[in-house]
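*Asks:* structure here, sequence nowhere to be found:
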């Protein structure tokens, strides 16, 4: 059945003859009703929240932590959008997860850069003393 066809309201067709009177509890559909319609107020997904969570998980799972600050930023941006329009988006948890994993990955990235700088200084000091 396509979306433009109207269902038969429970009236079965037998060999081309329809019942003459519907049950008293069955009502015909109103004119102009398109079947099926989505319910009013269906919440949407915020794409920035999904992106933040995916980037945060990629940053932590693969140790490609360069994307973690982007996940932190996109998660914060998505949380602002979701909080600014209550009742529109339903994936606030994804935005929060992206922000948290972005923060954790950024901390790991910062510690890695700090470790690399300290090791470079130690290496340069050791080279200058020889």
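*Replies:* Looks like it arrived, so ask away. As the structure is a prediction and not an experimental result, all values here were calculated from the model.

*Asks:* name the helices or strands packed onto the helix or strand containing residue 121?
*Replies:* According to DSSP states H and E, residue 121 maps onto helix 92-129. Using 3 or more Cβ pairs under 8 Å, 6 or more residues apart in numbering; DSSP states H and E as the contact criterion, the neighbours of helix 92-129 among helices and strands are helix 47-61, helix 68-84. Any C-beta I mention is one placed from the backbone N, CA and C, and that applies to glycine too.

*Asks:* so it versus helix 47-61, what angle?
*Replies:* Taking axes from the mean of the first three to the mean of the last three Cα atoms, to 10 degrees, one finds helix 92-129 and helix 47-61 inclined to each other by 40 degrees.

*Asks:* list the buried ones in helix 92-129?
*Replies:* Of the residues in helix 92-129, 92, 94-106, 109 count as buried by neighbour count, 16 or more other Cβ atoms under 10 Å.

*Asks:* stretch 45-54 too?
*Replies:* Of the residues in stretch 45-54, those scored as buried under the neighbour-count criterion (16+ other Cβ under 10 Å) are 46, 48, 49, 50, 51, 52, 53, 54.

*Asks:* so how far is residue 74 from the closest residue to the last one other than its chain neighbours?
*Replies:* Spelled out, that is residue 54. With Cβ to Cβ, 6 or more residues apart in numbering as the criterion, residue 54 has its nearest non-adjacent residue at 7.6 Å, and that residue is residue 98. In this structure, residue 98 and residue 74 are separated by 6 Å, where distance is defined by Cβ to Cβ, to the nearest Å.
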